[in-house]
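Chemist: generate a structure from the sequence data that follows.
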Amino acid sequence: MIGFIVKYLGRNFKVGSSESDATLNVTLVRNEFILEGSSGQPYISSFQLQKDGIELDVEVAEFDEASIPITADNYKDTCQIDPLYIEMIDKQKADVDWN
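Modeler: Numbers count the residues shown, from 1 in each chain. Sure thing, here's the model as predicted:
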């Protein structure tokens with residue numbers, strides 16, 4: 001299959017499927033850095049505050065097997081959510097007047 005090999009945080013994440021498209025989304029918005037890779041299932045997620053030194057390498061390549069998708073059992077090993085990012089989101093929610 002063809003897909004993305006994402007080198008991030010010292011690991012290689014293979015995002016691809018022979019049955020589905022592969023998508024890699026890297027977003028810099030406000031002061032957020034968001035990285036998501038999926039191919040019918042999520043394979044990599046990172047939510048952080050923007051800062052200097054965030055590095056990732058992306059390669060389009062063929063490989064036999066994708067990485068293990070993110071599940072409820074392994075999300076702590078495959079997702080990175082910065083505690084300061086969670087604080088920022090919680091504060092934004094508190095600042096919104098929902099009425």
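
Chemist: can you list the neighbours in contact with the longest helix seen in the chain?
Modeler: Longest helix of the chain, by residue count under DSSP state H: helix 83-95. Residues outside helix 83-95 that contact it (CB atoms under 8 Å, 6 or more residues apart in numbering): 31-32, 47-49. (C-beta placed from N, C-alpha, C; glycine too.)

Chemist: helix or strand with the lowest mean pLDDT in the chain?
Modeler: When the helices and strands of the chain are compared on mean pLDDT, DSSP states H and E, helix 75-78 comes out lowest with a mean of 77.

Chemist: enumerate the positions of that one that are buried.
Modeler: Within helix 75-78, the residues that count as buried by 16 or more other CB atoms under 10 Å are Thr78.

Chemist: same check, this time on stretch 88-96
Modeler: Met88.

Chemist: avg pLDDT for that stretch?
Modeler: Stretch 88-96 shows a mean pLDDT of 77.

Chemist: contact partners of the host helix or strand of Lys7?
Modeler: For Lys7, the element it lies in under DSSP states H and E is strand 2-8. With contacts defined as CB under 8 Å, 6+ apart, strand 2-8 is touched by 12-17, 22, 24, 35, 37, 39, 44, 46, 55-63, 66.

Chemist: can you turn the buried part of the residues you listed into a ChimeraX selection?
Modeler: Applied in ChimeraX, the following selects the buried portion of the contacts of strand 2-8 according to 16+ other CB under 10 Å:
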select :13,14,15,16,17,22,24,35,37,39,44,46,58,66
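
Chemist: now for the least confident helix or strand of the chain, which elements pack on it?
Modeler: strand 42-49 (3 or more CB pairs under 8 Å, 6 or more residues apart in numbering; DSSP states H and E).

Chemist: after the strand it packs on, next one along is what?
Modeler: strand 56-62.
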